[in-house]
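Novice: Could you work out the structure for the sequence below:
(one chain, ligands or ions: 1)
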Amino acid sequence: MRETKADRRRLGLYLHVPFCKNKCAYCDFYSFVPKEEGVMERYVAALIKHIESYKASIADYAPDTVFIGGGTPTALPLESLLSVIRAVKRNYSLTKTCEFTVEANPATVDLKGLKRLRRAGVNRLSMGLQSADDNELAALSRIHRRADFEEAYFAARDAKIGNINVDVMYGIPGQTVESCLATLEYVCDLAPEHISFYNLKIEQGTPFWRMRESLSLPGEDAEYEMYVRGVEYLASRGYNQYEISNFARPGYRCLHNLKYWNCDEYLGLGPGAHSFFNGTRFSIFRDAERYMRSMESPSSNIRIIESSEEVKTRERIGEYVMLRMRLTDGVSDREFRRLFGRDFEAMYGRLLAKYQRGGFVIRRPDGWAFTPRGMFVSNFILSDILDFSDTDIFDPTN
Ligand code: SF4
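Specialist: Numbering: from 1, shown residues only. Have a look, this model is predicted:
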């Protein structure tokens, strides 16, 4: 019998674009400001070759999510970005309802370009606002101001993009609980379908790390209040929390990111991208030059895979717990038993009960989940209950 698209396995596809117009002082994603003329076009040619090279391996799959992230995909010349989108559609059998996201910095999009992205098949835009306060944006060294964001947001609506995510950050230098809630109010008034509300982390190796003693950060108590009051506020405006940092109107959870948290398969292409494909987890070196040279001369045997490992049951269990507990649905006893043939309650119940008493986790009829209070300190709790919680698999580009 002939196999149809509906029979094929599902897959999330991630494509990394490592370019930005300016490097934000807090950012540790793999991205840089290109210095050489023509490097973006060269990179896009390499990425397209990489996309083509997987055509046969994913012939049995029908990708149902595509996420072009970075860096700033919209920092690419429009024609280059469109050629990446066309290469994906030409080489892979995307499902009809495929969620197709492009990340955008508000200072790098306009109506004409957004209309062309929409026509090419992009149906979701993820926009980094971070704050509606221009002083906070300056403190983050973002290249846009609130007015730029607003213009870009309305341009996306005019381009008929019906699914928009807005990134909002808390814990910004100089931010107060009031200014944080004012940003959320501003964003909710615009009525995007999805909001990511996440904590600024001072990552090693960034300019913020070097300046960390002199940054006027809000402090843990204020950040806790921003988070807990932020979660409450978002709920009051119809945004349901489904993950530590993610909130959506009904029907608009990010299907691509859910693949990471649900331990589903995803393939990441481009330097720094991570994959979980065919039972193997692997990542690509965070080195664009090496990546381009490898794609330009396949016979040179330049290795681009940094690490590759078959995921053993013990690790799969740890990853599953770590990722599932990020979701408000938490871990289900029944599903855990089906996947691993083991009793979740027996393995983790006693450890979690300790946090239940403090109001950080709740026992549900069929499993465990964090409370909003527990979400705020989830890393701490997970590292207490798991042996290998330092595996960084949440973000595919980290
Ligand atoms: S935060 Fe986004 S725009 Fe800023 S440097 Fe990082 S990837 Fe680029």
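Novice: ok, which residues in this protein are in contact with the ligand?
Specialist: Within reach of the ligand by CB under 6 Å from any ligand atom, the chain has these residues: 20, 23-24, 27, 29, 31, 70-72, 105, 128. Where C-beta positions appear, they are placed from N, C-alpha and C, glycine not excepted.
Novice: what's the closest of the residues you listed to R342?
Specialist: When the residues of the chain next to the ligand are compared for distance to R342 (CB to CB), F29 wins out at 35.7 Å.
Novice: Do a quick rundown of the helices in the stretch 251-398 of the chain.
Specialist: 255-261, 288-296, 313-324, 333-340, 344-357, 372-376, 378-385 (DSSP state H, counting those that start in this stretch).
Novice: returning to that earlier point: of the residues of the chain next to the ligand, which belong to strands?
Specialist: 70, 128 (DSSP state E).
Novice: Now the buried members of the residues of the chain next to the ligand.
Specialist: By neighbour count, with 16 or more other CB atoms under 10 Å, the residues of the chain next to the ligand hold 20, 24, 27, 29, 31, 70-72, 105, 128 as buried.
Novice: So the closest residue to I385 other than its chain neighbours versus L78, what's the distance?
Specialist: Leaving out its chain neighbours, the residue that sits closest to I385 by CB to CB, 6 or more residues apart in numbering is L351, at 4.4 Å. Distance check for L351 against L78: by CB to CB, to the nearest Å, it reads 51 Å.
Novice: circling back: same list (the helices of the stretch 251-398 of the chain) but as CSV, adding mean pLDDT and mean neighbour count.
Specialist: Below are the helices of the stretch 251-398 of the chain laid out as CSV (pLDDT from 0 to 100; neighbours: other CB atoms under 10 Å):
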stretch, mean pLDDT, mean neighbour count
helix 255-261, 96, 22
helix 288-296, 96, 19
helix 313-324, 89, 18
helix 333-340, 94, 15
helix 344-357, 93, 15
helix 372-376, 93, 20
helix 378-385, 91, 16
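Novice: As TSV, those helices with distance to I304 would be great.
Specialist: Below are the helices of the stretch 251-398 of the chain laid out as TSV (distance: least, CB to CB, whole Å):
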stretch	distance to I304
helix 255-261	21
helix 288-296	5
helix 313-324	23
helix 333-340	31
helix 344-357	37
helix 372-376	36
helix 378-385	30
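Novice: wait, isn't G230 in contact with M169?
Specialist: No. Look at G230 against M169 with CB atoms under 8 Å: they stay out of range, at 10.7 Å.
Novice: anything in contact with each of these two?
Specialist: F197 (CB atoms under 8 Å, 6 or more residues apart in numbering).
Novice: Return the distance of T108 relative to M211.
Specialist: In terms of CB to CB, T108 sits 26 Å off from M211.
Novice: Which one's more surrounded, those two?
Specialist: T108 (18 against 12; other CB atoms under 10 Å).
Novice: Can you tell me the closest non-neighbouring residue to that one?
Specialist: T74 (4.2 Å).
Novice: got it, and P207?
Specialist: Using CB to CB, 6+ apart, the nearest residue to P207 is A25, at 4.1 Å.
Novice: That neighbour and G205 touch, don't they?
Specialist: No. The criterion here is CB under 8 Å, and A25 misses it with G205 at 11.7 Å.
Novice: The two: which is more packed in?
Specialist: Per other CB under 10 Å, whichever of A25 and G205 has more neighbours is A25, with 17 against 8.
Novice: what number of residues lie near the residue in the stretch 201-350 of the chain that the ligand sits nearest to?
Specialist: Among the residues of the stretch 201-350 of the chain, T206 lies closest to the ligand, at 9.4 Å counting by CB to the nearest ligand atom. Applying other CB under 10 Å, we find 17 residues neighbouring T206.
Novice: thinking it is in contact with L140, fair?
Specialist: No. Here T206 does not reach L140: they are 11.3 Å apart, not a contact under CB under 8 Å.
Novice: Wait, T65 touches C98, no?
Specialist: Yes. Using CB under 8 Å, T65 makes contact with C98 at a distance of 6.5 Å.
Novice: Please say which of these two ends up with more neighbours.
Specialist: Neighbours per residue (other CB under 10 Å) separate T65 from C98, with T65 holding more: 25 against 21.
Novice: The helix or strand bottoming out on mean pLDDT in the chain pairs with which strands, and in what direction?
Specialist: Lowest by mean pLDDT, DSSP states H and E among the helices and strands of the chain is strand 305-310, with a mean of 82. Within its sheet, strand 305-310 is paired with strand 280-284 (antiparallel), according to DSSP bridges.
Novice: Which positions in the strand or helix carrying E225 come out as buried?
Specialist: Using DSSP states H and E, the element containing E225 is helix 220-236. Judged by neighbour count using 16+ other CB under 10 Å, the buried positions of helix 220-236 are 222-227, 229-231, 233-234.
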